[in-house]
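Engineer: Using only what follows, build the 3D model:
(one chain, ligands or ions: 3)
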Amino acid sequence: MDVQPDATLFLQKKIRPTANRLLIWQKIQAFDYAFGLADLQDALPQLDKSTLFRTLMLFVGHQLLHAVDDGSNSQKFCVCHCFEGHHHESHVHLTCRICQKTYCLRMQQIPVVSLPEGFYVEEVSYVVKGVCPHCRKKITKLSAY
Ligand SMILES: [Zn+2]
Ligand SMILES: [Zn+2]
Ligand SMILES: [Zn+2]
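Structural biologist: Ligands and ions are numbered 1, 2, ... in the order given. Next comes the predicted model:
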């Protein structure tokens, strides 16, 4: 029997490690950008959309994923790499205007904003608009001509 670190993680997060969930989690970890439901459907065409969606919501609810609002109309998700207890102070994201992908800038924490008396933070999102390194390379090549 293989050692399954993912199953152990699930149990820590109080998620029952079913075969589908483990499969979905594996695919999710292969994304190097914040993905949407459509990306996951492309990666796992054998699973139906509602299963994928319910699993995503479960992962968000148990803090395995962050729901990312990048200002586009589609909800994006990224893998949580937070330290214990810091889930709500997430990292900064960058949306590339050329490929439309949203990247996790994991080393960049969202700056703490102090609020006036009486306000309470539930969620913070911080999205930088710009160009990703892949697209920048392409642009530089093109402009060389
Ligand atoms: Zn987190
Ligand atoms: Zn790009
Ligand atoms: Zn992220």
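Engineer: all contacts plus neighbour counts: C-alpha atoms, from now on.
Structural biologist: Will do.
Engineer: Can you give me the neighbour number for the residue in the chain that ligand 1 sits nearest to?
Structural biologist: Closest residue of the chain to ligand 1, CA to the ion: H87 (3.6 Å). H87 has 16 neighbouring residues, counting by other CA atoms under 10 Å.
Engineer: just use 44 as the starting number from now, easier for me
Structural biologist: Happy to do that; since the first residue is 44 now, the last one works out to H130.
Engineer: Any stretches of this structure with poor pLDDT?
Structural biologist: For the chain, residues meeting the criterion pLDDT under 70 lie at 44-46, 132, 187-188.
Engineer: picking up where we left off before, may I have the secondary structure class of the residue of the chain closest to ligand 1?
Structural biologist: coil (DSSP: H, G, I helix; E, B strand; the rest coil).
Engineer: Please report how far it lies from ligand 3.
Structural biologist: In this view, H130 and ligand 3 are 11 Å apart by CA to the ion, to the nearest Å.
Engineer: what does the chain have sitting close to ligand 3?
Structural biologist: 121, 147 (CA under 5 Å from the ion).
Engineer: how about the residues of the chain near ligand 1?
Structural biologist: 123, 125, 130.
Engineer: one more time with 6 Å
Structural biologist: When proximity is defined as CA under 6 Å from the ion, the chain approaches ligand 1 at 106, 123-125, 130.
Engineer: Make a PyMOL selection of whichever of the residues you listed turn out to be buried.
Structural biologist: Buried residues within the residues of the chain next to ligand 1, by 16 or more other CA atoms under 10 Å, are selected in PyMOL with:
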select buried, resi 106+123+125+130
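Engineer: In helices only, show me the residues of the chain next to ligand 1.
Structural biologist: Among the residues of the chain next to ligand 1, the subset assigned to helices under DSSP state H is empty.
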